[in-house]
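Engineer: What follows is a predicted structure for the sequence shown.
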Amino acid sequence: MDRVIIVGGVAGGMSAATRLRRLLSNVEIVVYDKGPYVSFANCGLPYHVSGEIAEREKLIVQTPEALKSRFDIDVKPNHEVVAISPKNKTVTVKFNGKITEDHYDKLILSPGAKAFIPPIEGLAEAENTVTLRNVPDLDDIMARLDEPAVERAVVIGAGYIGLEMSENLKKRGLNVTIVEKAPHVVPSFDEEVAAYVQNELLANDVALFTGQSAVAFKDKGKIVQLEDGTELKSDLTLLSVGVQPENTLAKAAGLTLGHRGGIVVNDHYQTSDPDIYAVGDAIVVNQQILNQNALISLASPANRQGRQVADVIAGLDRKNKGSIGTAIVRVFNLVAGSTGLSERVAKLNDLSVHVLHLQGKSHAGYYPGAENILLKVIFDKKSGIIYGAQAVGADGVDKRIDILATAIKANMTIEDLPELEFTYAPPFGAAKDVVNMAGYAGLNLLENISESIQWYELEENLAAGAILLDVRNAAELEHGTFKDSVHIPLDQLSERLNELDQSKQYIVSCHSGLRSYIAERLLKNKGFTVKNLDGAFALYQTIKPEEIKYV
């Protein structure tokens, strides 16, 4: 092996190039990238829009000159590989209108993903639509934003990039409207967790249209028409409805494609041609929890894959184990993170799951600055294996999701969570972290010490004759009550048991779930039939505000 060619830089391609050089000094490494920048912080692009990342140069991680000097890697920006000949082991390269051929012994494809552009009427004539995938896209957006007439932005798609751009466009002073076809923003999250994100967007004067898609652009894009006939005025429209694998080269070369057009690779990143490898957003990966094919377009897996494919080419035994899809997004003053499976996906795959929601603090509640965290954990009803988790809060979400992502990767169960030991001092955490508490609550469910119902099951249970018992304090009722409930504060419950009917089923709720669990145990020990409303009033009020009454 004398010559390795890498097509595409950024996360996967440049990780492969630099790792390969550290392992092998006698191989030629050439990186072709059709863009002007082969190593840039694509996840940081939205934050330059608002000026939070003030200097554009901070987004450029490495230059061709620096890579040549430090690693002896021949990096060729603005060189587009337009064809691959697996038979001749050559690539055809276009640069400045000229076509050349280059020979490889091993070829690594890292073309990434491209923005999915939906077939919207009038899109071809629209002059104000943009996407954001690279630095030239950013430069285009920044130039448009410098025009004084740009005051209103429409963001089509409320995934991670759509939300980040909505925040930063708003911080720049634009009026921002989000249009999302799914029933709620961040469609990869479950509905009740996404509700917190939606509330944060509305609190920051971002307009929302969910369950809607753009069906037409009018007046050269200045009018965005939605499927219900609503027309939105727009000076700048960001298309952020998702990505798809950039598979053009692979397809033309006859390489095997699979799930949603992704490039099929084996556990050593080899394509159907053993001398051609592929990494990053363009490849089909194994969703580790479900053991199913998936496309997971995230920076961390792409970096890992780039390093591992270099190891494989250098003769080390590294295997592509797959990914579980761990991600996080900041929306103004709220952070939302997830790992593994959502409840919806788990049930779509016929997994029998317990679900729990807990309210915790980012650090000790008595220490100044403690912020609320809502944590959701999904786990197997029998084995306790953790399938996924989601969390929202102003601080500490990253720490908890990272912990639970590690637990999932390690095949830990809900029973293991109380055993995890975290650093603790009042400014940094709690003696019983919310992750530990999730373990305790999960064990109670596994061992039938506690029974719960979810927010979406309450109406059905009440219709079947169950009685909702609210054990909050009287003062808390000023912040809202259930439309139909019996109120007995927890501290009065023991002495007022005679007010309850032992022949009825009760559903107990407090503000966050702790006191209702205490009430559940008290009542069960007295012979009552009781279930706990998981997530309690705080969660129900967020997801079902129309069902709450105020005194």
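Structural biologist: Looks like it came in fine. Please read all numbers here as calculations on a predicted model, not as lab measurements.
Engineer: right, and the helix or strand after the host helix or strand of Ala391?
Structural biologist: Element membership for Ala391 (DSSP states H and E) is strand 386-393. Elements were assigned by DSSP H and E; along the chain past strand 386-393, the next helix or strand is helix 397-409.
Engineer: what is the mean pLDDT for the helix or strand harbouring Gln305?
Structural biologist: According to DSSP H and E, Gln305 maps onto helix 299-313. Within the predicted structure, the mean pLDDT of helix 299-313 is 97.
Engineer: Also stretch 320-327?
Structural biologist: 96.
Engineer: Over to stretch 279-288?
Structural biologist: Averaging the model's pLDDT scores along stretch 279-288 yields 97.
Engineer: Relative to Ala124, how far out is the spatially closest residue to Ser297 that is not a sequence neighbour?
Structural biologist: Spatial nearest neighbour of Ser297, chain neighbours left out: Asp281 (4.1 Å); criterion: C-beta to C-beta, 6 or more residues apart in numbering. Just so you know, the C-beta spots here come from the backbone N, C-alpha and C atoms, and that holds for glycine as well. For Asp281, the distance to Ala124 under the criterion C-beta to C-beta, to the nearest Å works out to 26 Å.
Engineer: And these two? Which one has more around it.
Structural biologist: Between Asp281 and Ala124, counted using other C-beta atoms under 10 Å, Asp281 has the larger neighbour count: 27 against 8.
Engineer: A strand includes the more buried one, no?
Structural biologist: No - secondary structure of Asp281, determined by DSSP: H, G, I helix; E, B strand; the rest coil: helix, with no strand assignment.
Engineer: can you pull out the helices in the stretch 151-300 of the chain?
Structural biologist: Read by DSSP state H, counting those that start in this stretch, the stretch 151-300 of the chain holds these helices, from start to end of the chain: 160-171, 191-203, 248-252, 299-313.
Engineer: ugh, typo on my part, it should be the stretch 1-150 of the chain
Structural biologist: Remark: helices assigned in the stretch 1-150 of the chain by DSSP H, counting those that start in this stretch are 10-23, 46-49, 64-71, 135-145.
Engineer: These: which one's closest to Gly369?
Structural biologist: Distance to Gly369, taken as C-beta to C-beta, is lowest for helix 46-49 among the helices of the stretch 1-150 of the chain, at 23.5 Å.
Engineer: which residue is nearest the centroid of the protein?
Structural biologist: Ala327 (3.9 Å; C-alpha atoms, centre = their mean).
Engineer: I figured it was touching Ile296, is that so?
Structural biologist: No - counting by C-beta atoms under 8 Å, Ala327 stays clear of Ile296, with 9.2 Å between them.
Engineer: For stretch 144-152, C-alpha coordinates in PDB please.
Structural biologist: Output of stretch 144-152 as PDB, limited to C-alpha atoms (Å, rounded to 0.1, in the frame of the first residue of the first chain):
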ATOM      1  CA  ARG A 144     -27.900  38.300   3.100                       C
ATOM      2  CA  LEU A 145     -28.400  39.300   6.700                       C
ATOM      3  CA  ASP A 146     -26.300  42.400   6.100                       C
ATOM      4  CA  GLU A 147     -29.000  43.700   3.800                       C
ATOM      5  CA  PRO A 148     -31.200  46.200   5.600                       C
ATOM      6  CA  ALA A 149     -34.400  44.900   4.200                       C
ATOM      7  CA  VAL A 150     -34.000  41.400   5.800                       C
ATOM      8  CA  GLU A 151     -36.200  41.500   8.900                       C
ATOM      9  CA  ARG A 152     -38.300  38.300   8.700                       C
END
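Engineer: Tell me the buried residues in that stretch?
Structural biologist: By 16 or more other C-beta atoms under 10 Å, the buried positions in stretch 144-152 come out as Arg144, Leu145, Val150, Arg152.
Engineer: just stretch 72-88 next, same as before
Structural biologist: Under the neighbour-count criterion of 16+ other C-beta under 10 Å, stretch 72-88 has Ile73, Val75, Lys76, Pro77, His79, Val81, Ile84, Pro86 buried.
Engineer: before we move on, what about stretch 453-461?
Structural biologist: Buried residues in stretch 453-461, counting neighbours by 16+ other C-beta under 10 Å, are found at Gln454, Trp455, Leu458, Asn461.
Engineer: which residues touch the last one?
Structural biologist: Residues near Asn461 by C-beta atoms under 8 Å, 6 or more residues apart in numbering: Ile453, Gln505, Ile507, Lys531.
Engineer: quick check: mean pLDDT across the helix or strand encompassing the third one?
Structural biologist: With the criterion set as DSSP H and E, the secondary-structure element containing Ile507 is strand 505-509. For strand 505-509, mean pLDDT rounds to 98.
Engineer: which helices and strands does it pack with?
Structural biologist: helix 458-463, strand 467-470, helix 514-525, strand 529-533, helix 536-543 (3 or more C-beta pairs under 8 Å, 6 or more residues apart in numbering; DSSP states H and E).
Engineer: Please name whichever of those is nearest to Phe95.
Structural biologist: For those, proximity to Phe95 was assessed by C-beta to C-beta; helix 536-543 is nearest, at 54.4 Å.
Engineer: Give the partner strands of the following helix or strand past that closest one in its sheet and their orientations.
Structural biologist: Using DSSP H and E, the next helix or strand after helix 536-543 towards the C-terminus is strand 548-549. Counting by DSSP bridges, the strands paired with strand 548-549 are strand 481-482 (antiparallel).
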